[in-house]
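Student: just coords:
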DNA sequence: GATTGCCTGTGATAATTCTTTCACAATTGT
DNA sequence: ACAATTGTGAAAGAATTATCACAGGCAATC
């Protein structure tokens, strides 16, 4: 049994870089359900991590143990030690940091935002919005402002894979009126507007509405003026201990929407994804492992 | 394995009266160091409780298990259930929607990601990264890939307000080698790289490192290869019920970092913010109320 | 584009450890 | 003294673990 002042969890994380792909997969699996998974039989651990038995044996030795049971003994000892100590903590997210640390305070706030936002959301509207975004007959315009531009782009990036017939508009640029020339009845505008609300965005929304397009709005709890014009509005709470607002909750909503739209259009999407994969493979832009 | 809604600890205590002297002695020993002692070998448990091996075997059967390993399996399962904190599982986030609705499933996953990510973060490294990013002597390069580009841009946007002397680099473009010409010792690169890891990004990181610059990396649980070169790495869990990965957790970390850097540089920042406000006022780009 | 080397899984085997269960003796309490 | 409980020692059986050789696959390199 190897002596250690740190937890085995720490030790594994520290060694993570010296490990190979399968070993890392195993290590992460152990950390995933820690420490329970490491206390079962070796074969069970191997199969739950989807690696082979020798891989487990090899890694345990890399971690400095003479055998798997040796490793388990250390785990048990650690588990026993926890029992003694003050068990109080659980409230802090980053356990290693004090509760006043910005990481903990910020995370507290974001979780609170998420809870609050989700509690007030209307799933029917959500589903409705998903259907609108998934409808490939309608041209999809995605509009972001100065800060929200990044969220808009994130949506655009994913929608590009999922469906054709879409446009990314920056309300901060002067070129957006050109795009509106093409907008037709029933087209869909996904608009992001949080405080400080942008005049350009409002004008754009008004003109879109005038042309008979429908608007899906992502805004904050104070409601962008675009709200009046929107068919569906998503309201996120965005308060955090910072000079700025948080986009994390809006991001969550957005990703949920993407996931839902993806499911709705899966039949068509999967071919596009397939093609994309092949293109990536051929360009070698990405690496497959390690 | 016997079904139970209660913990095994409860069950043992409940049965305590039906047990004989040696068995009770064993039971109390198990509860003494719960659950670690029950997860070791039977013989070890027997000797630590100072009872004989058959006594252990007999009692386990009295508790309703078919075998000692069966008992252990139940213990491990219970241990695994504890690992999941109290906040996540029970609740439906969007109360109006059924728990199988994508909104609830997705939010569950994100909360889980956040919990897991924060649990493994090192606050010392975090603070260190904040100091590096806040140091205006060093030029700050922000690097994003295909998907992470949006996160990079989000950081860039905020850093622009907080400090001068920074550059936004897209690893997907071909122009980045030009930027590297200006990179100097101790400059800071904030690099985003999640799967699928981009070869361009790795090359960029290597060259930055060769020039003596320091790297702060935002990656996922599988660790971008850039990890080896980084002074500080932030590892987010990014699994959600979707064909894509979630950026929400990384966004949270990022915003925490921004907030912390903002605090560190407040003296200089507040003037810049003031100026920015005035510029916005004069351009009438934003509306002050509603 | 071919080669080389590293990593990983497979299947098998042997060694080890752990578990179960004997019968019987010792102990305890009634 | 009787009956229930418990421990001893042992041995068989089961499960787990350690390890091997080998082949396939992937990636880096030239």
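Tutor: That came through, no problem. Predicted model, so just to flag it, every value in this text is computed and none were measured. Numbers count the residues shown, from 1 in each chain, chains lettered A, B, ... in the order given.
Student: And residue A:168, its phi and psi?
Tutor: As for residue A:168, its main-chain torsions (degrees, to the nearest 10) stand at phi -100, psi 120.
Student: how about the residue lying closest to residue A:165 once chain neighbours are set aside, what does it touch?
Tutor: In space, and not counting its chain neighbours, residue A:165 is closest to residue A:139: 5.3 Å by Cβ to Cβ, 6 or more residues apart in numbering or on different chains. C-beta here means a position set from N, CA and C on the backbone, and glycine is covered the same way. Residues near residue A:139 by Cβ atoms under 8 Å, 6 or more residues apart in numbering or on different chains: A:165-167, A:182-184, A:187-188.
Student: pretty sure residue A:222 is touching residue A:195, no?
Tutor: Yes: counting by Cβ atoms under 8 Å, residue A:195 is a contact partner of residue A:222 at 5.9 Å.
Student: between those two, which one's more packed in?
Tutor: Shown here are residue A:222 and residue A:195; by other Cβ atoms under 10 Å in any protein chain shown, residue A:195 has more neighbours (18 against 13).
Student: Test my guess that that one contacts residue A:244.
Tutor: No: contact status for residue A:195 versus residue A:244: not in contact, 10.5 Å apart, counting by Cβ under 8 Å.
Student: what distance separates stretch A:106-125 from the centre of its chain?
Tutor: Distance of stretch A:106-125 from its chain centroid, counting by Cα atoms, centre = their mean, to the nearest Å, is 15 Å.
Student: Does at least one residue of that stretch sit close to chain B?
Tutor: Yes: using Cβ under 8 Å from any Cβ of the partner chain, stretch A:106-125 reaches chain B at A:106-107, A:110-111, A:114-115, A:118-119, A:121-123.
Student: looking at the residues you listed, which has the most residues close by?
Tutor: residue A:110 (28 neighbours).
Student: Look at it and report its pLDDT.
Tutor: pLDDT recorded at residue A:110 is 94.
Student: so where do the strands sit in chain A?
Tutor: A:140-144, A:166-170, A:188-192, A:214-220, A:232-236 (DSSP state E).
Student: neighbouring contacts of the longest one?
Tutor: When you say that, I think you mean strand A:214-220. A:129, A:132-133, A:138, A:148, A:151, A:186-195, A:205, A:208-209, A:224, A:226-227, A:229-238, A:245, A:250, A:253-254.
Student: so residue A:164 makes contact with residue A:137?
Tutor: No: Residue A:164 is not in contact with residue A:137 according to Cβ under 8 Å; the separation is 11.1 Å.
Student: Compare neighbour counts for those two and give me the winner.
Tutor: For residue A:164 versus residue A:137, the count of surrounding residues by other Cβ under 10 Å is larger for residue A:164: 11 against 8.
Student: ok, what's across the strand from residue A:189?
Tutor: residue A:141, residue A:215 (DSSP bridges).
Student: of all of the stretch 101-250 of chain A, which residue lies closest to DNA strand D?
Tutor: Per Cβ to the nearest atom of the strand, the residue of the stretch 101-250 of chain A with the smallest distance to DNA strand D is residue A:161, at 21.9 Å.
Student: Just to check, that residue is in contact with residue A:274?
Tutor: No: with contact defined as Cβ under 8 Å, residue A:161 does not count as touching residue A:274 (10.9 Å).
Student: out of the two, which sits in the busier spot?
Tutor: Each of residue A:161 and residue A:274 has its neighbours counted (other Cβ under 10 Å); residue A:161 has more, 15 against 10.
Student: Quick one: residues contacting that one.
Tutor: Residue A:161 touches A:269, A:272-273, A:276, counting by Cβ under 8 Å, 6+ apart.
Student: Report the contact partners of the closest residue to residue A:109 other than its chain neighbours.
Tutor: Excluding the flanking residues, the one nearest residue A:109 by Cβ to Cβ, 6+ apart is residue A:240, at 4.4 Å. Contacts of residue A:240 were listed using Cβ under 8 Å, 6+ apart, and they are A:106, A:109-110, A:113, A:246, B:255, B:259.
Student: now residue A:128, nearest residue through space, not along the chain?
Tutor: Spatially, and ignoring its direct neighbours in sequence, residue A:128 is nearest to residue A:232 (6.0 Å; Cβ to Cβ, 6+ apart).
Student: er, residue A:227 actually
Tutor: Nearest non-adjacent residue to residue A:227, counting by Cβ to Cβ, 6+ apart: residue A:233, 5.3 Å away.
Student: My guess is that neighbour contacts residue A:223. True?
Tutor: Yes: taking Cβ under 8 Å as the definition, residue A:233 is a contact partner of residue A:223 at 7.5 Å.
Student: So residue A:77 sits against residue B:33, correct?
Tutor: No: with contact defined as Cβ under 8 Å, residue A:77 does not reach residue B:33; the gap is 10.2 Å.
Student: and the residue nearest to residue A:128, how many residues sit next to it?
Tutor: Residue A:232 has 21 neighbouring residues, counting by other Cβ under 10 Å.
Student: now residue A:158
Tutor: Neighbours of residue A:158 under the rule other Cβ under 10 Å: 21.
Student: residue contacts, it?
Tutor: When contacts are counted by Cβ under 8 Å, 6+ apart, residue A:158 touches A:258, A:262, B:244.
Student: tell me the pLDDT at the nearest residue to residue A:245 once chain neighbours are set aside?
Tutor: Nearest residue to residue A:245, sequence neighbours excluded (Cβ to Cβ, 6+ apart): residue A:238, at 4.0 Å. pLDDT recorded at residue A:238 is 93.
Student: For residue A:121, see how far away residue A:238 is.
Tutor: 14 Å (Cβ to Cβ, to the nearest Å).
Student: Which of the contacts of residue A:161 fall in helices?
Tutor: A:269, A:272-273, A:276 (DSSP state H).
Student: Which members of those are classed as buried?
Tutor: Those of these that meet the buried threshold are A:269, A:273, by 16 or more other Cβ atoms under 10 Å in any protein chain shown.
Student: Hmm, which of the ones in helices among the contacts of residue A:161 is lowest in pLDDT?
Tutor: For the ones in helices among the contacts of residue A:161, the least confident position by pLDDT is residue A:276, scoring 70.
Student: any weak-confidence spans in the stretch 51-200 of chain A?
Tutor: The model of the stretch 51-200 of chain A has pLDDT under 70 over residues A:82-91, A:95.
Student: Spell out which parts of it neighbour DNA strand C.
Tutor: Counting by Cβ under 7 Å from any atom of the strand, the residues of the stretch 51-200 of chain A close to DNA strand C are A:51-55, A:69.
Student: try it again with 10 Å
Tutor: Residues of the stretch 51-200 of chain A lying close to DNA strand C (Cβ under 10 Å from any atom of the strand) are A:51-59, A:62, A:67, A:69-70, A:72-73.
Student: hey, where'd the helices end up in the stretch 51-200 of chain A?
Tutor: Remark: helices assigned in the stretch 51-200 of chain A by DSSP state H, counting those that start in this stretch are A:53-62, A:68-84, A:102-119, A:123-134, A:149-162, A:176-180, A:199-210.
Student: residues in contact with residue A:173?
Tutor: Taking Cβ under 8 Å, 6+ apart as the test, residue A:173 contacts no residue whatsoever.
Student: The same query, at a cut-off of 10 Å, please.
Tutor: Counting by Cβ atoms under 10 Å, 6 or more residues apart in numbering or on different chains, residue A:173 touches A:149, A:200.
Student: Would you check how far apart it and DNA strand C are?
Tutor: 44 Å (Cβ to the nearest atom of the strand, to the nearest Å).
Student: got it, and residue A:189?
Tutor: Look at residue A:189 and DNA strand C: by Cβ to the nearest atom of the strand, they are 47 Å apart.
Student: Make sure that residue is actually in contact with residue A:144.
Tutor: No: between residue A:189 and residue A:144 there is no contact under Cβ atoms under 10 Å: 11.3 Å.
Student: Among these two, which residue is more densely surrounded?
Tutor: Neighbour count, other Cβ under 10 Å: between residue A:189 and residue A:144, residue A:189 has more, with 30 against 26.
Student: returning to that earlier point: backbone dihedrals for the residue nearest to residue A:109, please?
Tutor: Main-chain torsions, residue A:240, degrees, to the nearest 10: phi -140, psi 160.
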